[in-house]
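Visitor: Structure for the following, please:
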Amino acid sequence: MAKKKLKIRAWVEGGKATVKAIIFHPMETGMRKDKATGKKIPAKYITEVKCEHNGKEVLTCLWGPGVSKNPFLSFRFKGAKKGDTLKISWVDNTGGSGGGEATIK
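Guide: Just a heads-up that it's a prediction; the model follows:
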């Protein structure tokens, strides 16, 4: 079974959608050393996160190595209804990617 890479919760309240998501990613800066070997751990961090509501982009984040492990993302936007689709996708500096979809409640 594959590890889950993203968890999304989204709901509408007062005419605005609230989105909360956690991305499961190691977010290594390339500056830390492995305690066992003493060698540097290679850099691996998310560089871009895109959020789409019913196919329309509502948020783009450009991140770097300063973002913590398993980053949490929270934002609000107007124009969503219950049952709409929300998609979040990400790309890291090594070419890795992931994402997921949620239905707005």
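
Visitor: what mean pLDDT does stretch 88-105 have?
Guide: Average pLDDT, stretch 88-105: 96.

Visitor: Tell me how many other residues crowd Ile22.
Guide: 16 (other CB atoms under 10 Å). All C-beta spots, glycine's among them, are computed from the backbone N, C-alpha and C.

Visitor: Excluding chain neighbours, give the residue nearest to Trp11 in space.
Guide: Lys105 (4.6 Å; CB to CB, 6 or more residues apart in numbering).

Visitor: distance of the one you found from Ile41?
Guide: 39 Å (CB to CB, to the nearest Å).

Visitor: Which parts of this protein are strands?
Guide: 6-13, 16-23, 46-53, 56-62, 72-78, 85-92, 97-103 (DSSP state E).

Visitor: Let me have those in JSON lines, extended by distance to Met31.
Guide: Formatted as JSON lines, the strands of the chain follow (distance: least, CB to CB, whole Å):
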{"stretch": "strand 6-13", "distance to Met31": "26"}
{"stretch": "strand 16-23", "distance to Met31": "21"}
{"stretch": "strand 46-53", "distance to Met31": "17"}
{"stretch": "strand 56-62", "distance to Met31": "20"}
{"stretch": "strand 72-78", "distance to Met31": "22"}
{"stretch": "strand 85-92", "distance to Met31": "16"}
{"stretch": "strand 97-103", "distance to Met31": "23"}
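
Visitor: closest one to Gly30 among those?
Guide: Minimum separation from Gly30 across the strands of the chain (CB to CB) falls at strand 85-92, 12.2 Å.
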